[in-house]
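Chemist: No sequence on hand, only this structure:
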């Protein structure tokens with residue numbers, strides 16, 4: 001009787017997990033694991049930052065990392081530094097003693113905003129920019145945040161992966177390709193802007209709008225389901241990204257440690 005009972009419970013659980021997708025085909029859907037948000041780390045006082053002539057807060061002025069810290073950390077990791085007025089992430093020298101890296105965030109929750117910055121990438125380099133991100137214990141920043149891709153389109157293999165160039169610079173990573181693709185080559189500066197306003201998001205690259213989408217809609221869910229963040233492939237990422245920003249629909253801005261040299265400057269945010 002005991003074995004039959006256990007078998008019956010197991011079969012019921014499997015049946016409960018068995019669903020039909022939009023095409024009517026059966027599929028197993030994994031439940032997202034539990035997670036814990038990190039809420040005790042220090043936040044930046046935005047009112048203490050200067051504004052530029054356009055009314056945008058200057059988050060990085062080329063001289064100070066005030067307001068910045070590592071994702072899920074209370075300090076700036078050593079591989080992030082200021083170099084000739086730019087915020088730089090430095091690639092680890094394989095022959096040197098290991099230096100702490102990790103993603104970097106500006107520790108303030110933004111909701112509706114215009115983020116602008118200049119960036120350049122090293123040869124065959126890869127990085128990214130995140131927004132509306134939550135700090136999730138034991139997880140990387142991309143588990144909960146859309147990514148504006150930063151890439152050397154000519155030399156990094158990611159440019160040829162994904163679908164229709166949706167991993168090239170300016171793209172919504174692995175979901176929507178930047179069109180036209182007008183990224184400058186490695187070693188050259190690019191201008192980027194990300195606008196988030198009541199869920200409508202626009203990516204600009206070198207003065208041109210290249211991507212547009214709306215969060216918290218059926219279309220957004222469909223984008224996730226057709227990406228590496230789908231419910232079947234990555235249940236936790238799907239849950240967090242499908243509800244990006246959480247209850248407050250807000251989160252931090254972050255720059256990625258993808259292991260390659262990347263430079264950023266003129267980082268500003270205009271609150272909408």
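Modeler: Received it, and whenever you're ready, just let me know what you need. Not measured: the values here are computed from a predicted model. Numbers count the residues shown, from 1 in each chain.

Chemist: Okay, now the unreliable bits of the stretch 1-150 of the chain?
Modeler: Within the stretch 1-150 of the chain, the stretches with pLDDT under 70 are 1-29.

Chemist: mind running it again at 90?
Modeler: 1-33, 95 (pLDDT under 90).

Chemist: So which residues of it form strands?
Modeler: Using DSSP state E, counting those that start in this stretch, the strands of the stretch 1-150 of the chain run over 18-20, 26-28, 57-60, 68-70, 80-83, 86-89, 104-110, 113-121, 126-133, 147-151.

Chemist: Could you single out the most deeply buried of those?
Modeler: strand 147-151 (a mean of 26; mean count of other CB atoms under 10 Å). In short, each C-beta sits where N, CA and C put it, glycine included.

Chemist: what's next to it, contact-wise?
Modeler: If you take CB atoms under 8 Å, 6 or more residues apart in numbering as the criterion, strand 147-151 is touched by 119, 121, 125-131, 158-159, 167-173, 178, 183, 192, 194, 203, 256, 262.

Chemist: Just want the angle from it to strand 113-121.
Modeler: If you take axes from the mean of the first three to the mean of the last three CA atoms, to 10 degrees, strand 147-151 sits at 20 degrees to strand 113-121.

Chemist: about what we covered before: ok, which of the strands of the stretch 1-150 of the chain comes nearest residue 272?
Modeler: strand 113-121 (5.7 Å; CB to CB).

Chemist: gap between that closest one and the chain center?
Modeler: Centroid displacement of strand 113-121 relative to its chain, using CA atoms, centre = their mean, to the nearest Å, is 13 Å.

Chemist: which strands and helices sit next to it?
Modeler: Judged by 3 or more CB pairs under 8 Å, 6 or more residues apart in numbering; DSSP states H and E, the packing partners of strand 113-121 are strand 126-133, strand 147-151, strand 190-197, strand 262-271.

Chemist: I'd like those as CSV, with distance to residue 91 appended.
Modeler: Supplementary listing: those in CSV, determined by distance: least, CB to CB, whole Å:
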stretch, distance to residue 91
strand 126-133, 11
strand 147-151, 14
strand 190-197, 19
strand 262-271, 9
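
Chemist: Could you name the stretch from the ones you listed that's closest to residue 50?
Modeler: Nearest of the helices and strands packed on strand 113-121 (CB to CB): strand 262-271, 10.0 Å.

Chemist: buried set for that closest one?
Modeler: Buried residues in strand 262-271, counted by 16 or more other CB atoms under 10 Å: 262-270.

Chemist: Nearest to residue 214 among the helices and strands packed on strand 113-121 would be which one?
Modeler: That would be strand 190-197 among those, by CB to CB, at 10.1 Å.

Chemist: Touching that closest one from outside, list them.
Modeler: 110-120, 129, 131-132, 148, 150, 169-170, 183-184, 201-207, 272.

Chemist: who does that strand pair up with?
Modeler: Strand 190-197 pairs in its sheet with strand 113-121 (antiparallel), strand 200-205 (antiparallel), by DSSP bridges.

Chemist: Nice, that's everything, thank you.
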